[in-house]
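Chemist: 3D, please:
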Amino acid sequence: MITLDRAKKGHILRIVAIENPEVRAQVIRFGISEGEMVKCSEVIPAGPIIICKNRQEIAFGRNLAQSITVDLV
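Modeler: This is a model prediction of the structure:
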């Protein structure tokens with residue numbers, strides 16, 4: 001298991017845990033919850049991590065991405 005900020009472009013990921021309740025609330029607004037399968041579509045150096053879920057791309061800042069635990073599929 002790794003945190004989302006360590007994902008590489010093209011990885012298929014399963015969201016395992018979102019420990020911080022405030023972060024969990026933000027992520028749920030994007031339609032993402034624990035157990036979801038997403039794809040890392042882009043990693044901007046020193047910038048956001050962009051994931052794709054159902055043809056929707058969502059950018060997560062590095063700080064937010066560090067609080068999301070994922071598993072490589």
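Chemist: just the pLDDT for Val70.
Modeler: Here the pLDDT value assigned to Val70 is 97.
Chemist: so it touches Ile18, yeah?
Modeler: No - Val70 is beyond contact range of Ile18, at 9.9 Å (criterion: C-beta atoms under 8 Å). Bear in mind the C-beta positions are built from the backbone N, C-alpha and C, glycine included.
Chemist: more neighbours: those two, which one.
Modeler: Each of Val70 and Ile18 has its neighbours counted (other C-beta atoms under 10 Å); Val70 has more, 25 against 22.
Chemist: just the element for the more buried one, please.
Modeler: If you go by DSSP states H and E, Val70 is part of strand 68-72.
Chemist: partner strands of that strand, with direction?
Modeler: If you go by DSSP bridges, strand 68-72 pairs up with strand 2-3 (antiparallel), strand 12-18 (antiparallel).
Chemist: export these as TSV, with columns for distance to Phe30.
Modeler: TSV is the format used below for the strands paired with strand 68-72 (distance: least, C-beta to C-beta, whole Å):
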stretch	distance to Phe30
strand 2-3	17
strand 12-18	11
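Chemist: in TSV: these, plus mean pLDDT and distance to Lys53.
Modeler: Output for the strands paired with strand 68-72, formatted as TSV (pLDDT from 0 to 100; distance: least, C-beta to C-beta, whole Å):
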stretch	mean pLDDT	distance to Lys53
strand 2-3	96	18
strand 12-18	96	10
